[in-house]
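# Starting from these lines, generate the structure:
(chains A, B, C and D)
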Protein chains: 2
Amino acid sequence: MPTQPKLEDVARLSGVSTATVSRVFNAPTLVREETRKRVEAAVASLGYTPHFGGRALASNRTWTVGAVIPTMENAIFARGLQAMEETLAEAGVTLLVSTSNYDCDREAAQIAALIGRGVDGLILIGESREDATYELLERRGTPYVLVWSWRADSPRPCVGFDNRAAAAAIAERVVELGHRRIAMIAGITDHNDRAAARVDGARDALTAHGLALEPPYLVEAKYSVDAGAKAARALMALDPRPTAILCGNDVLATGALMGVREAGLSVPRDVSVTGFDDIELARVVDPPLTTVHVPHRRMGAQAAEALLAQCAGAPGPVNIAMEADIIERGSLAPPPT
Amino acid sequence: MPTQPKLEDVARLSGVSTATVSRVFNAPTLVREETRKRVEAAVASLGYTPHFGGRALASNRTWTVGAVIPTMENAIFARGLQAMEETLAEAGVTLLVSTSNYDCDREAAQIAALIGRGVDGLILIGESREDATYELLERRGTPYVLVWSWRADSPRPCVGFDNRAAAAAIAERVVELGHRRIAMIAGITDHNDRAAARVDGARDALTAHGLALEPPYLVEAKYSVDAGAKAARALMALDPRPTAILCGNDVLATGALMGVREAGLSVPRDVSVTGFDDIELARVVDPPLTTVHVPHRRMGAQAAEALLAQCAGAPGPVNIAMEADIIERGSLAPPPT
DNA sequence: TTGTACGCGTTATCAG
DNA sequence: CTGATAACGCGTACAA
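Take a look at the predicted model:
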């Protein structure tokens, strides 16, 4: 079992001091070209890689940022994460991802674990979490950016879009087509500001037209296809039956499509369905979903850049809004006459 | 900006040495109960967390394992990863995930980066990669486990299923239903043993029945919905037209469904389609896909356990086969008469 | 432009 | 059961 070469080995082989070798990695411009070449040759021939722990200890940086997302099991966060990873990688920073399964306590634990690992910064989803968590971040001075939700007056660094306004816009469109009995299958709003904002937005639009959005026409469901299907079946059994179902995301909407079908009805002939997020799923189900397109990749990249800037000590608040547009597809049509 | 408390601060506050504090974390049984309580109180009151870098340096372990997967953008690897993460977390080990986008060189770079970060072990997808990569792993003595593919005679530690046999089984089933003109939309087989094994398996079954599987009835496509749709449109333009399309995974099959529909034909009335993997997508498209069910969660958990065992110095080769069964759904039917 | 020497926070060895 | 102390590998003042 050959032991790993260390800085000292490289130094000895190339006939310079360890300091110079270190500089070749961390400040190449300070080293004369010829010396650098020699060192690089030694590095290559030994297959040397810097020891992460030693580096972290000496520099007090880990070149790692953490992200805590609710889940990897659907595509909602995947694209954004991928973009973050790519942006960070360009800066030589590694992204460490963990998942909370939409569980508040678990998220707090994950955050603590990441901080314990010495991450240089954190990417968090949404803004609703315990004050204690934010206090921990402030106390440790760990930079962070909240993604996926945005408010103009948010006191915290955020990169996202206005969930409430987007939800209002799509609901408005549904009303505009002539629907009057409109139901909503929302995500679980407890501890989830995005889910809550989407309900609020939908209600904004409906009440502006004198329509209500209350149980049993408003139901919350876990973000899963099956939960969406079950909720839709229940809605289809109501009297009077809604002619449109707004869904908290595309996964729920996909379930709703199935639930409506199971009830022997047809989308959009008997009932319209809308989604939210515009993940790939929205395009491939039948009929494809009218939904709110979220620019996941750009949002992820922006968030990563903002976090890098924070880590680099950039001053000033971060508050970046992305656009979220309605994409019309086959799942939305005027109500049956 | 309050500085982080260190081991020494805890030691001072609780009136013991740093060694004892360290033991409270790493070998609690060696410390007298009363002393331990005192230390734990100090830890709590200071909000102390061990410094990751210092720890990694002194112990030469990072309690981190890495995984390099092709992509997070579809659900193929998500479930398995989640299971791995959970299993590892129980052992106090963190999973560091990076993605290669099905690019061989990029995968090699990611592996090198993870090793550089001092991961204690690696989880890799499939077995086809450069010898140099395996040599690097052997040289550094980094334990690893290959997941998602399996051969009885694999010389490397692997936890997976027999892609070839599973593909043969589903192809066999298609033949059994009476299909004779059978096409396949495979994944890119270059540098991808799973994709290649699936083609080989399908061909095994077809040739056993005197049927061929060759271009233009055999095409390769990137694992994306659009590529699948495009390939299917091309197949639908062939004369004679195939009556069944075997797909390399569920994403391609979803695309195939769309492509067939765009060609003005119906699944399964005119053409049958089969998938592979049984991700959630397979259940929600219309018609739902007949596919090969892969026990992703169990596979991930087993792989994680095997890797932990390797890290703990368990001897003996790892070679664990999972079952993969055919799930019949609406996308497969007898050929039109 | 390069080298010397110290410190980063923890674990591990060994003696008590 | 506990304490003193030497590593662990690297970055960086400071000196040359």
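# Need the three-state assignment for residue A:67.
What DSSP: H, G, I helix; E, B strand; the rest coil gives for residue A:67 is strand.
# What residues does it make contact with?
If you count contacts by Cβ atoms under 8 Å, 6 or more residues apart in numbering or on different chains, residue A:67 has them with A:81, A:84, A:95, A:96, A:97, A:98, A:122, A:123, A:124. Where C-beta positions appear, they are placed from N, C-alpha and C, glycine not excepted.
# so where do the strands sit in chain A?
Assigned strands in chain A, in chain order: A:64-69, A:94-99, A:121-125, A:144-147, A:158-160, A:182-186, A:218-220, A:244-247, A:272-274, A:291-293, A:319-321, A:325-327 (criterion: DSSP state E).
# out of those, nearest to residue A:107?
Evaluated over these, closeness to residue A:107 peaks at strand A:64-69, with 5.5 Å, by Cβ to Cβ.
# Pull that closest one out as CSV, backbone CA atoms only.
Taking C-alpha atoms only, strand A:64-69 is exported to CSV below (Å, rounded to 0.1, in the frame of the first residue of the first chain):
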residue,chain,number,x,y,z
THR,A,64,-17.2,23.5,-0.6
VAL,A,65,-20.7,24.9,-0.4
GLY,A,66,-23.7,23.0,0.8
ALA,A,67,-27.3,22.8,-0.5
VAL,A,68,-30.2,21.4,1.3
ILE,A,69,-33.1,20.6,-1.0
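# Please name the nearest non-neighbouring residue to the residue nearest the centre of chain A.
Nearest to the mean C-alpha position of chain A, by Cα atoms, centre = their mean, lies residue A:77 at 4.5 Å. Distance criterion Cβ to Cβ, 6 or more residues apart in numbering or on different chains; nearest residue to residue A:77, sequence neighbours excluded, is residue A:69 at 4.6 Å.
# what's the burial count for the one you found?
Using other Cβ atoms under 10 Å in any protein chain shown, residue A:69 has 23 neighbouring residues.
# what is it paired to in the beta sheet?
Beta-bridge partners of residue A:69, counted by DSSP bridges, are residue A:99.
# That one and residue A:97 touch, don't they?
Yes: here residue A:69 lies in contact with residue A:97, judged by Cβ atoms under 8 Å, at a distance of 6.5 Å.
# Need the overlap of contacts for those two.
Taking Cβ under 8 Å, 6+ apart as the criterion, residue A:69 and residue A:97 both touch residue A:81.
# circling back: let me have the strands of chain A in a markdown table, adding mean pLDDT as columns.
Output for the strands of chain A, formatted as a markdown table (pLDDT from 0 to 100):
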| stretch | mean pLDDT |
| --- | --- |
| strand A:64-69 | 94 |
| strand A:94-99 | 90 |
| strand A:121-125 | 96 |
| strand A:144-147 | 97 |
| strand A:158-160 | 97 |
| strand A:182-186 | 98 |
| strand A:218-220 | 98 |
| strand A:244-247 | 98 |
| strand A:272-274 | 98 |
| strand A:291-293 | 98 |
| strand A:319-321 | 96 |
| strand A:325-327 | 97 |
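# Using neighbour counts, pick out the buried residues of stretch A:142-154.
A:142, A:143, A:144, A:145, A:146, A:147, A:148, A:149, A:150, A:151 (16 or more other Cβ atoms under 10 Å in any protein chain shown).
# Please apply the same query to stretch A:113-131.
For stretch A:113-131, burial by neighbour count (16+ other Cβ under 10 Å) applies to A:113-115, A:117-129.
# Which parts of chain A belong to which domain?
Domain assignment for chain A by automatic domain parsing gives A:7-51, A:63-161+A:295-323, A:163-294.
# is the second one up against DNA strand D anywhere?
No: Domain A:63-161+A:295-323 is not in contact with DNA strand D by Cβ under 7 Å from any atom of the strand; minimum separation 9.6 Å.
# Say whether DNA strand C is contacted by that domain.
No: with Cβ under 7 Å from any atom of the strand as the criterion, DNA strand C is not reached by domain A:63-161+A:295-323; the gap is at least 9.4 Å.
# And that domain, how far out from the chain middle?
8 Å (Cα atoms, centre = their mean, to the nearest Å).
# The shortest one now?
Taking the mean C-alpha point of domain A:7-51 and that of its whole chain, the gap between them comes to 40 Å (Cα atoms, centre = their mean).
# what's the answer for the longest one, then?
The offset between the C-alpha centroid of domain A:163-294 and the centroid of the whole chain comes to 21 Å, using Cα atoms, centre = their mean.
# Just the terminal-to-terminal distance for it.
Chord length of domain A:163-294, first to last residue, is 10 Å (Cα to Cα, to the nearest Å).
# Contact partners for residue A:84?
Contacts of residue A:84 by Cβ under 8 Å, 6+ apart are A:67, A:95, A:123, A:300, A:301, A:303, A:304.
# what do you get for residue A:76?
A:223, A:249, A:250, A:251, A:277, A:279.
# How about residue A:179?
Residue A:179 touches A:243, A:244, A:272, A:334, A:335, counting by Cβ under 8 Å, 6+ apart.
# out of those, which one sits closest to residue A:195?
The closest of those, once distances to residue A:195 are taken by Cβ to Cβ, is residue A:244, at 19.1 Å.
# Hmm, residue A:174 and the closest one touching each other?
Yes: taking contacts as Cβ under 8 Å, residue A:244 lies within contact range of residue A:174: 5.0 Å.
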